[in-house]
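J.: this one's sequence-less:
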């Protein structure tokens, strides 16, 4: 077996175990993360509308 193959296998194993342990750490929070992503996607159009409305309503600018 070539040295490059051994290095590739070792790198893939380290990456696999790293991703596995990352999943183990984040697994208690996955439901919350998914809800946060879903709510951000759903309410983004409302945020854009409010941002445009509030930006138009400003009559002065505070400059430093």
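T.: Nice, I can see it. From a predicted model like this one, the values you see are computed outputs, not experimental measurements.
J.: check contacts around the spatially most central residue of the chain.
T.: In the chain, the C-alpha nearest the mean C-alpha coordinate belongs to residue 37, at 8.3 Å (CA atoms, centre = their mean). Residues counted as contacts of residue 37 (CB atoms under 8 Å, 6 or more residues apart in numbering): none. Where C-beta positions appear, they are placed from N, C-alpha and C, glycine not excepted.
J.: Which helix or which strand is home to it?
T.: For residue 37, the host element (DSSP states H and E) is helix 30-56.
J.: Could you point out which residue ranges in this structure have low pLDDT?
T.: Per-residue confidence for the chain (pLDDT under 70) gives these ranges: 57-64.
J.: Let's see that with 90 instead.
T.: 1, 51, 54-64 (pLDDT under 90).
J.: helix or strand for residue 25, which one?
T.: Per DSSP H and E: helix 3-26 holds residue 25.
J.: by how many degrees do that helix and helix 30-56 diverge?
T.: 80 degrees (axes from the mean of the first three to the mean of the last three CA atoms, to 10 degrees).
J.: Now tell me what touches helix 3-26 from outside.
T.: By CB under 8 Å, 6+ apart, helix 3-26 touches residue 33.
J.: how much space between residue 8 and residue 17?
T.: 15 Å (CB to CB, to the nearest Å).
J.: about what we covered before: okay, buried residues for the helix holding residue 37 please.
T.: Residues of helix 30-56 classed as buried: none (neighbour count, 16 or more other CB atoms under 10 Å).
J.: Pull the distance from it to the chain's centre.
T.: 14 Å (CA atoms, centre = their mean, to the nearest Å).
J.: How about stretch 10-25?
T.: With CA atoms, centre = their mean, you get 19 Å for stretch 10-25.
J.: In it, which residues are buried?
T.: With burial defined by 16+ other CB under 10 Å, not one residue of stretch 10-25 is counted as buried.
J.: Start the count at 30 instead of 1 going forward.
T.: Okay, residue one is now 30; in that scheme the one you just asked about reads as stretch 39-54.
J.: follow-up on the earlier one: figure out how far the helix holding residue 54 is from the centre of its chain.
T.: Using CA atoms, centre = their mean, the offset of helix 32-55 from its chain centre is 21 Å.
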